[in-house]
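J.: Okay, here's the prediction I keep looking at, along with the sequence it came from:
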There are 2 protein chains.
Amino acid sequence: MTTVIAELRKSAREIGALRSASGLLGWDQETFMPEKGGAVRAESQAVLGTLLHEKLTADGYWAQLQRASELALDARTAALVRELKRDAENARKIPADLAGELARTASLAQQAWARARAAHAGAGAPADFLPWLERMVALKRREADCLGHSGSPYDALLDQFEPGATVAALTPVLETLRDGLVPLLDRILGQAQPVPAAPSGEVSVEAQKAFNARLLRDMGFDLDAGRLDDSTHPFTQGMGPSDVRLTTRYRADDWLNAVFSTLHEGGHGLYEQGLPEEEWGTPLGEAVSLAIHESQSRFWENRVGRSRPYWRHVLPIARTMLGSPVTEETLDGVLARVNAVDRSLIRVEADEVTYNLHVLLRFQIEKELFSGTLEVGDLEAAWNEGMRSLLGVVPETPAQGFMQDVHWSCGLFGYFPTYTLGNLYAAQFSVAMERDLGPLDPLIESGNLAPLRNWLRENIHRHGREFPADALCRRVTGADLDAGHFLKYLEGKYL
Amino acid sequence: MTTVIAELRKSAREIGALRSASGLLGWDQETFMPEKGGAVRAESQAVLGTLLHEKLTADGYWAQLQRASELALDARTAALVRELKRDAENARKIPADLAGELARTASLAQQAWARARAAHAGAGAPADFLPWLERMVALKRREADCLGHSGSPYDALLDQFEPGATVAALTPVLETLRDGLVPLLDRILGQAQPVPAAPSGEVSVEAQKAFNARLLRDMGFDLDAGRLDDSTHPFTQGMGPSDVRLTTRYRADDWLNAVFSTLHEGGHGLYEQGLPEEEWGTPLGEAVSLAIHESQSRFWENRVGRSRPYWRHVLPIARTMLGSPVTEETLDGVLARVNAVDRSLIRVEADEVTYNLHVLLRFQIEKELFSGTLEVGDLEAAWNEGMRSLLGVVPETPAQGFMQDVHWSCGLFGYFPTYTLGNLYAAQFSVAMERDLGPLDPLIESGNLAPLRNWLRENIHRHGREFPADALCRRVTGADLDAGHFLKYLEGKYL
C-alpha cells in the first residue's frame, strides 16, 4: 500500500511541478516579459500544456489511481486519491480535438471581443463578436456533455471552478441573496451622504510600494516566500507555499487603488502560503475551489480593509509613509470613499453591495444560455432588462453592457458565481471566526492581525482539497452556506 | 520528405520549448525568486530536466532522425539533421543512472566546495573537498567513456562545450598563445605606469541602470526583446531571439564594474537576439559553441569597451547621465584603470592579458587529470607550480588557488578553455571585420556601432549551428584559428 501511494504521489508531484513551471511562465508574462517575447512564450506554454495533459491522462497513471482507490486508506489519503482521480477523470473525458478547438477558439474569440469592443465603443450591435460567442457556447455545451451532468449542462461547467456546485444547490442561496439585496440597496441609497472629494495631489509610486509591502507584512504575508509586483490586472500566482507572487496596480493620483488590490491579492496569497508545504504538488496542497479562494481575498479586502477599525490603525501609518497629500486625509473621508455605494454599469468598479447584483445577472444569463431558454442573439436584450430590474440602470453600449467582461469570450462560463459565493463564504467564516476569537474589530484596530490569519490557516488553508467546499463550510461554521450572514453584515455596516 | 522534416522540426521545437521554459525558471531563480522558493524550483527543474531527457532519447524521435538522415537534403537542412542527431546521440549515450549520479554529486560536491572554502579561507589543505573532487573526476571519466573518444577522455568532455574541439587540435594553438604571452607580459609590465585612483564618491544605482541600458541600446541590443536586470553573478539567458535576459551587477562605489559586465553580457545578448527567429527551438536557432559565444562577449567588452575611441564617445555621456564624481573622471584615468595589467591570483579579477594564462593553467591540469598523469591529491602542488611558471605568483591558500572556481565541483571539466578560445576568436573576427568594414576605431569613436553589430549578425549570429566553430572561423576569416591575431592585438594595444 505504501508503495502504491508513494508512486502515486510521485506522479502527482511531477504534474504539480509542470503546473508550477507553467505558472511561473504565466506570471512572468504579466510582469517582466519583454514586449516581443509573447510568441515564444505561447509556444512554451502550449508544450507544457500538452505535456501536462499527456501525464494527466496517461493510462499508466490511471492504472495507478485505480490500484490506489481499491486500498483501505485513512481519510486524508482517501481524499488525496479522490481528488487526483477527479482531476484525471475530467481530463480524460475531454477528447484532444475538443481541447484543441476550445483553446484555439478562446484565443480567437478573445481577440474578436477586444476588436469589437474597440470598434463599437460608441454604439451599435457587436455583429463581429456574436458569431464567436455562439461558437464558444456550442463548444462549451459539447464540453459539458463530455464531462457529464445529470441536470443542466451548466452544472458541468460550474463544477470546473467550484467542484460540487450545481444550479439546483446555488439557485436558492443566490435567490435569497437577490431578494435581500435589491430592497437593501434602496434603503442604503435612501440614506446615502455625498462622498467627499479626495485631497488633490500625487503620491510617489516608490512610497506606495513600501507602504503596500508593509500592509502585506502586517497581514502576515511572508515576503521571503513571495513577492509583490506591478501589473495591469492584479493577480496572484502561487508556485508553491514558499513562492507566492502577488501583483497590484499603482496610481499616483489614487493611492487607495493599490491598497485594495494589495489587500485582495494578499488574501489570496495568504491562502497559497498557508497550504501544507509537504503536500506540494498534490491536491492536498491546493486550494479547494475558486469560491473559497475568493472568500479569503474578500475577507481581507472588505471585512478588514474597508472597516473603520482598520483605518483607525492604518491611516496614521499611511500619513507617515506616504506624506502629502495623504497627510490631509481624514478617517471619515477615507471611509466614505472606500464604502461609497452606487448603481453603476461596470462590475469591476462596483462596491461591495451592488457587486453581487452584477454577478447574479451573469449567473441568470449563463443558466438560461445552457438550459437552452436563451439564445446568444437575445443576450443583449436579456442583459439590459436584467440590469434594469436588478440595478435600475441600463447600459447604452455593449461595451458598458454584456461585452464588458472578457470571461465569456475565453469560455469561462460558470466562473462568475464564484465571486459572489466568495463574498458569502467570507461573511459566514467571519461569524465563525468571531465565535472563536471574540470580536474582530478590537484586534483589527490594534493592528494585531495574526489571530485572524492563524484562524484562517488553521480552519481553511491547511486542509488543501481534503474537504470539498460545502463540507469545509459545514466543518468550519457548523452550517450550509447561507446568504443571510452576508446580508446581515451589509445591514450592520451600511444602515 | 517535407513531412519527415516537418515532423522532426515539430519534435525539436517541443524540446526547444521545454528548454526555453527551464531557462526562464533558471533566470528567475537568479533575479526575482523569493528566498524560500528554492526547494520548489529545484523540483520543477528536475521534472523539466527529466522530461527533456525523455523526449531527447525517445525511440520514436530516434527513428524520425534516422529517417531524416537517409534523405537527400539541402546543406542547411542536412546541418539541422546532423546537429539534432548529435544532441540525441549524446543524450542516448549517457545511462540514466549515471546522469542521476552526476547531477546529485555535482550538487553535493558544490556544497562541499563552498563549505571547505569557507572553513579553509585562511590556510590548510581542503581535506573535506578532495574526496568529492575525486569522485567527480571518476564520474566524468565514466561519462567520457560513455560518450566515446579516440584520444584522451578529455576530448569527450571538451566536445560537450566546444563541439569538435580536441586536445590534439587545441594544444598547438594554446601553446603558441602561452609562448607569446609569457614574454609579452614581462614587456608590458616592464613599461607599466602607476594606475591613478578613481575619484571618490558614490554613483546612484538608479542612474547607473539608465546609463547601462543606454550602452546596450547603443550596441544595438533590443530592449523590447530583452531585459537588463541585477544579479550577483552577471549572466545571459535567451528564451529565444525575442526574449533575451541579461543581468549585470551595480556597485555604488565603482560605476565601471557594471559597465563591463553589461558590455560582456550585451555581447552574448546580441548573439542570442541575432539567431534566426524562424529556427527557434532547433539547432539552426542556437549558438554554435561556448567559445563562439564568448568571442561575442569579449569583442564588445574588450575590443570595443576597453578601447580609447569607445571612451572618447562614452565618457561625455557618462558624465552627463551619472553626474558627480564621474564628472571628475578623465579619459586617461578611465583607460588606465580599465586596462591595468597585473600578475594576480584570481582568474575572474584578471585583466585581458593575464586572464588567458589563468585559463591555460586550468587546461593543462584538466588534460593531465584525464590522461591519468595527474592525481587529484597532487592537484594543489601542480596548480601552485603552474601559477609560478605562468604568472610568477603563488597562492597562499587553496581558496586563492585551485579552489577559487566553482566549475570543477560541478563537473565542468572542458569548460575553461572556451573562455580563452573566445578571446582568440574575437581577435581573429576583428581582423576580418576590419577587412570588410575598414578601420573600426573611427566607427567606435563616432558612436556608430551598427555596422559592427550587423557584421556579426550577418557573419556569425544568423547561421546558428549550421557551421561548426572551426568551419565558421574559416568561412568568416579565411583561416583556421590562430593565436597570432590576439597576440598582435595585445602588442598593438599595450606596447
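T.: Alright, I've got the coordinates.
J.: Excluding chain neighbours, give the residue nearest to the residue most central in space within chain A in space.
T.: Residue closest to the average C-alpha location in chain A (C-alpha atoms, centre = their mean): A:Glu294, at 4.5 Å. In space, not counting the residues next to it along the chain, A:Glu294 is nearest to A:Gly422; the distance is 2.5 Å by C-beta to C-beta, 6 or more residues apart in numbering or on different chains. (Glycine included, C-beta is placed from N, CA and C.)
J.: Now do the same for that neighbour: its pLDDT.
T.: pLDDT recorded at A:Gly422 is 98.
J.: how about it, what does it touch?
T.: A:290-298 (C-beta atoms under 8 Å, 6 or more residues apart in numbering or on different chains).
J.: Return the member of the residues you listed nearest to B:Val205.
T.: B:Val205 has its nearest neighbour among these in A:Ser297, at 34.5 Å by C-beta to C-beta.
J.: nearest residue to that closest one other than its sequence neighbours?
T.: A:Gly267 (3.7 Å).
J.: Next, the residue of the stretch 151-300 of chain A found nearest chain B: phi, psi?
T.: Residue of the stretch 151-300 of chain A nearest chain B, by C-beta to the nearest C-beta: A:Asp243 (3.4 Å). Phi and psi for A:Asp243, reported as degrees, to the nearest 10, are phi -150, psi 90.
J.: in what helix or strand does the residue nearest to the centre of chain A lie?
T.: In the assignment (DSSP states H and E), A:Glu294 maps to helix A:290-298.
J.: what helices or strands is the next helix or strand after that helix leaning on?
T.: Per DSSP H and E, helix A:290-298 leads on to helix A:308-322 as the next helix or strand towards the C-terminus. Where contact means 3 or more C-beta pairs under 8 Å, 6 or more residues apart in numbering or on different chains; DSSP states H and E, helix A:308-322 is packed against helix A:205-219, helix A:331-338, helix A:440-446.
J.: who touches helix A:308-322?
T.: Here helix A:308-322 makes contact (C-beta under 8 Å, 6+ apart) with A:203, A:207-208, A:210-211, A:214-215, A:255, A:304, A:326-327, A:329, A:331, A:334-335, A:441-442, A:444-447.
J.: same thing but at 6 Å, please
T.: Here helix A:308-322 makes contact (C-beta atoms under 6 Å, 6 or more residues apart in numbering or on different chains) with A:203, A:207, A:211, A:304, A:326-327, A:331, A:334-335, A:441, A:444-445, A:447.
J.: Same check on stretch A:370-379?
T.: A:130, A:133-134, A:137, A:152-154, A:368, A:382, A:402.
J.: and with 10 Å instead?
T.: A:125, A:129-138, A:140-141, A:144, A:149, A:151-158, A:167, A:364-369, A:381-382, A:398, A:401-403, A:408, A:413-414 (C-beta atoms under 10 Å, 6 or more residues apart in numbering or on different chains).
J.: If you average the pLDDT over that stretch, what comes out?
T.: The average pLDDT for stretch A:370-379 rounds to 95.
J.: buried stuff in that stretch?
T.: A:370, A:374, A:376, A:379 (16 or more other C-beta atoms under 10 Å in any protein chain shown).
J.: quick one: the last one is in a helix?
T.: By that I understand A:Leu379. Yes - under DSSP: H, G, I helix; E, B strand; the rest coil, A:Leu379 sits within a helix.
J.: any weak-confidence spans in the stretch 201-350 of chain A?
T.: For the stretch 201-350 of chain A, no stretch has pLDDT under 70.
J.: Return the residues of it in contact with chain B.
T.: A:222-227, A:229, A:238-245, A:273, A:277, A:280-281 (C-beta under 10 Å from any C-beta of the partner chain).
J.: Only the buried subset of those, as a ChimeraX command please.
T.: Selecting the buried subset of these in ChimeraX, with 16+ other C-beta under 10 Å as the burial test, is done by:
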select /A:222,223,225,226,227,238,239,240,241,242,243,244,245,273,280,281
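J.: when you check the residues of the stretch 201-350 of chain A next to chain B against the helices, which ones overlap?
T.: Members of these lying in helices (criterion: DSSP state H): A:Gln273.
J.: Quick one: mark the members of the residues of the stretch 201-350 of chain A next to chain B that sit in strands.
T.: Judged by DSSP state E, the subset of those located in strands is A:226-227, A:229, A:238-240, A:243-245.
J.: which among the residues you listed gets closest to A:Ser22?
T.: For these, the closest approach to A:Ser22 (C-beta to C-beta) belongs to A:Met239, at 9.8 Å.
J.: In a markdown table, list the buried residues of stretch A:370-379 along with secondary structure and distance to A:Ala17.
T.: Shown next, in a markdown table, are those (DSSP: H, G, I helix; E, B strand; the rest coil; distance: C-beta to C-beta, whole Å):
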| residue | secondary structure | distance to A:Ala17 |
| --- | --- | --- |
| A:Phe370 | helix | 35 |
| A:Leu374 | coil | 42 |
| A:Val376 | helix | 40 |
| A:Leu379 | helix | 41 |
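J.: so which two of those residues are the farthest from each other?
T.: Pairwise distances across these (C-beta to C-beta) peak at 12.5 Å, for the pair A:Phe370 and A:Leu379.
J.: Dihedrals phi and psi, the residue lying closest to the residue of the stretch 151-300 of chain A closest to chain B once chain neighbours are set aside?
T.: The shortest distance from A:Asp243 to any residue other than its chain neighbours is 3.4 Å, reached at B:Gly37 (C-beta to C-beta, 6+ apart). With angles defined as degrees, to the nearest 10, B:Gly37 sits at phi -80, psi 0.
J.: give me the number of residues near B:Gly37?
T.: If you count neighbours by other C-beta atoms under 10 Å in any protein chain shown, B:Gly37 ends up with 25.
J.: Buried residues, stretch A:323-340. List them.
T.: Using 16+ other C-beta under 10 Å as the test for burial, stretch A:323-340 gives A:326, A:329, A:333-335, A:338-339.
J.: circling back to that earlier point, how close does the residue nearest to A:Asp243 sit to B:Asn212?
T.: 27 Å (C-beta to C-beta, to the nearest Å).
J.: Figure out how far stretch A:193-210 is from the centre of its chain.
T.: 26 Å (C-alpha atoms, centre = their mean, to the nearest Å).
J.: Would you map the helices across the stretch 351-495 of chain A?
T.: Along the stretch 351-495 of chain A, counting by DSSP state H, counting those that start in this stretch, helices occupy A:355-371, A:379-391, A:416-437, A:440-446, A:450-459, A:469-477, A:484-494.
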